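Output the structure for:
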Amino acid sequence: LFTTPTKLGTYNKCTMLLWWILARTAVLFVTLTVLACLVAALLVYQAWKSQRSYAKYIRGKIPSPVTPSHGVVAYRNSTARKKPIRILVTGDSFAIGEGIYDHAHPTFPEEVAARLAAELGRPVYWSCQGTAGISLAQLRID
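Modelled structure (predicted):
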């Protein structure tokens, strides 16, 4: 096909140029992929680290709960005196209502007690113990 030396030399230069461009593009793609993986790993590490330290940071920063840590919910339509149920709710800031404003009633333990009282037709005495930012492993130990 390419019998003259000039055309053969021109074909080789074009081919070499195309291969060089392809190789450079592949190197650039691999480099960018590796950089993206490193940045993603760094972001995952930072998110994990900040999540663990945030709970320790906010323990003393947010206000104490304005809701009580115990109470009674009486069933309204019951005329007979039934033995009350006692429940204990343990947990983190969700359970104790930390960071909740006083207009945000009822809190989780109060809502559980109210639903139990309505469902069973008996009064419910509830108590809540918890610490903001506590994990399940720490809760089992404490």
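
Could you report the neighbour count for residue 50?
Neighbour count of residue 50, defined by other C-beta atoms under 10 Å: 10. Placement of C-beta: from N, CA and C, glycine included.

For it, grab phi and psi.
Per-residue torsions, residue 50: phi -70, psi -30 (degrees, to the nearest 10).

try residue 124
Dihedral angles (degrees, to the nearest 10) for residue 124: phi -130, psi 120.

Kindly report the same for the one 10 residues further on.
Per-residue torsions, residue 134: phi -80, psi 140 (degrees, to the nearest 10).

What residue, apart from its backbone neighbours, is nearest it spatially?
residue 92 (5.0 Å; C-beta to C-beta, 6 or more residues apart in numbering).

so how far is residue 51 from the one you found?
Applying C-beta to C-beta, to the nearest Å, the value for residue 92 to residue 51 is 13 Å.

before we move on, back to that, let me see the contact set for the residue nearest to residue 134.
Applying C-beta atoms under 8 Å, 6 or more residues apart in numbering to residue 92 gives the contacts 130, 131, 132, 133, 134, 139.

what do you get for residue 87?
Residue 87 is in contact with 109, 112, 113, 116, 124, 125, 126, 127, counting by C-beta under 8 Å, 6+ apart.

Now do residue 9, the pLDDT please.
With respect to pLDDT, residue 9 has a value of 51.

Give me the buried positions along stretch 120-135.
By neighbour count with 16 or more other C-beta atoms under 10 Å, stretch 120-135 contains the buried residues 122, 123, 124, 126, 128, 130, 131, 132, 133, 134.
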